[in-house]
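A.B. asks: here you go, sequence then predicted model.
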Amino acid sequence: MSPAHFRIRRHLQSLVGERHPERSPHALKKTAHYLATQFAKSGWKVSHQSFNALGETYRNIVAVRAPSRFIGGAYPSPLLIGAHYDTVPDSPGADDNASGLAVLLETAVRLQSVALSRPVWLIGFCLEEQDRLGSRVLAARLKAEGQALAGVIILECVGFSSNRPASQQVPPGVPQAVPTVGDFLAIVGNESARNLVQAIERSATTHAPALKVQSLIVPGCGEALPHTRRSDHASFWDANYPAVMLTDTANFRNPHYHRETDTIETLDVPFLVGVIDTVTAVTVELAGA
């Protein structure tokens, strides 16, 4: 087993389990601590953004790396990569969304020695399953502060694939052909994120050739295709930031979605590695020195 495969499995084993604000608040806090600890071990500067919701205080975990040298005033706008760390009740949340967190943590390891030309923010969002509360708070705060972003990449269910015929379903209203075999990564952006979608496509083709990708550009903020709004990227669309969701399409492919059977054993680790290769490569392209 390669060091990367070992780390991914270790992360999954540490993360998988119900992480719900009311049903398992201790596990949710433990996950936040695990993310912060792992980011710090990889050399990232870690902080948290607290917010009040549901009568309690919750945290988005924020890991930052900035260029070591920058001449000419303020840093360029950051690239933000995020994944949510809460689950629905009664689900261990392996694909939704320990898979996205594992990609985030392994990307942090791979980027720790990469020279940067712009800041990179890695964020673990809380309460995505509660109407995207964590990301909505952050997006609104950044907009109010006038903070520009080079782009936002959200990892939402990125660990399940299937080579069975007819394993892929299509969300209603999608205006293009979609493969019927669920063995690809979907890249979902809107018009303002078209360049970001294309950069991710290039990175996948060059650095993860075994990973099949399918892109979808939606009009506006996805209002006409509500299934394309089902993760934290929609919070940034609504705040007029260029944002993309990477996903295995969740319930349109994965029969374990939001169920107690969403376990590590159902995940495709080589598929996950392809996602990590892609995310790392596009980050280097967009934020590398």
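C.D. replies: Yep, it's here. It should be emphasised that the depicted structure is a prediction, and the values quoted were computed from it without experimental measurement. Residues are numbered from 1 along each chain as shown.
A.B. asks: in the stretch 51-200 of the chain, which spans are strands?
C.D. replies: For the stretch 51-200 of the chain, the strands defined by DSSP state E, counting those that start in this stretch occupy 56-65, 79-84, 120-125, 151-156, 184-190.
A.B. asks: in CSV: those, plus distance to L267, mean neighbour count and mean pLDDT.
C.D. replies: Using the backbone N, CA and C atoms, a C-beta is placed for each residue, glycine as well. Output for the strands of the stretch 51-200 of the chain, formatted as CSV (distance: least, C-beta to C-beta, whole Å; neighbours: other C-beta atoms under 10 Å; pLDDT from 0 to 100):
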stretch, distance to L267, mean neighbour count, mean pLDDT
strand 56-65, 22, 20, 98
strand 79-84, 14, 27, 98
strand 120-125, 19, 25, 98
strand 151-156, 14, 27, 98
strand 184-190, 14, 24, 98
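A.B. asks: stretch 147-154 spans what distance, first to last residue?
C.D. replies: 18 Å (C-alpha to C-alpha, to the nearest Å).
A.B. asks: next one: that stretch to chain centre, how far?
C.D. replies: 12 Å (C-alpha atoms, centre = their mean, to the nearest Å).
A.B. asks: ok, back up a step: reformat the strands of the stretch 51-200 of the chain as JSON lines; add distance to E201.
C.D. replies: Listed next are the strands of the stretch 51-200 of the chain as JSON lines, based on distance: least, C-beta to C-beta, whole Å:
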{"stretch": "strand 56-65", "distance to E201": "25"}
{"stretch": "strand 79-84", "distance to E201": "17"}
{"stretch": "strand 120-125", "distance to E201": "20"}
{"stretch": "strand 151-156", "distance to E201": "13"}
{"stretch": "strand 184-190", "distance to E201": "7"}
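A.B. asks: so where's the chain shaky on pLDDT?
C.D. replies: Regions of the chain meeting the criterion pLDDT under 70 cover residues 70-73.
A.B. asks: show me where it has its helices.
C.D. replies: Taking DSSP state H as the criterion, the chain contains helices spanning 3-15, 25-41, 99-111, 133-145, 194-207, 233-238, 269-287.
A.B. asks: give me the residues contacting the third one.
C.D. replies: Outside helix 99-111, the residues that touch it by C-beta atoms under 8 Å, 6 or more residues apart in numbering are 4, 7-8, 11-12, 15, 35, 38-39, 42, 44, 63, 65, 81-85, 120, 122, 124, 154-160, 248, 267, 272, 275-276, 279-280, 283-284.
A.B. asks: please tell me how far the nearest residue to L101 once chain neighbours are set aside sits from L116.
C.D. replies: Nearest residue to L101, sequence neighbours excluded (C-beta to C-beta, 6 or more residues apart in numbering): A83, at 5.1 Å. Distance, A83 to L116, by C-beta to C-beta, to the nearest Å: 20 Å.
A.B. asks: neighbours of F51, how many?
C.D. replies: 18 (other C-beta atoms under 10 Å).
A.B. asks: for F271, that is, sorry about that
C.D. replies: By the measure other C-beta under 10 Å, the count of residues near F271 is 22.
A.B. asks: for it, what are its contacts?
C.D. replies: Applying C-beta under 8 Å, 6+ apart, the residues near F271 are 158-161, 183, 185, 211, 248.
A.B. asks: do the same with R118
C.D. replies: Applying C-beta under 8 Å, 6+ apart to R118 gives the contacts 67, 75-79, 150, 286-287.
A.B. asks: nearest spatial neighbour of the residue nearest the centre of the chain, chain-adjacent residues omitted?
C.D. replies: Taking C-alpha atoms, centre = their mean, the centroid of the chain lies closest to L155, which sits 1.9 Å from it. In space, and not counting its chain neighbours, L155 is closest to G100: 3.4 Å by C-beta to C-beta, 6+ apart.
A.B. asks: what separation is there between the one you found and V158?
C.D. replies: Using C-beta to C-beta, G100 is found at 5 Å from V158.
A.B. asks: okay but the residue nearest to L101 is in contact with I153, surely?
C.D. replies: No. A83 lies out of contact with I153 (C-beta atoms under 8 Å); the separation is 9.5 Å.
A.B. asks: just to revisit the earlier point, which ones are touching the residue nearest to L101?
C.D. replies: With C-beta under 8 Å, 6+ apart, A83 has these contacts: 97, 100-101, 103-104, 123-125, 154-156.
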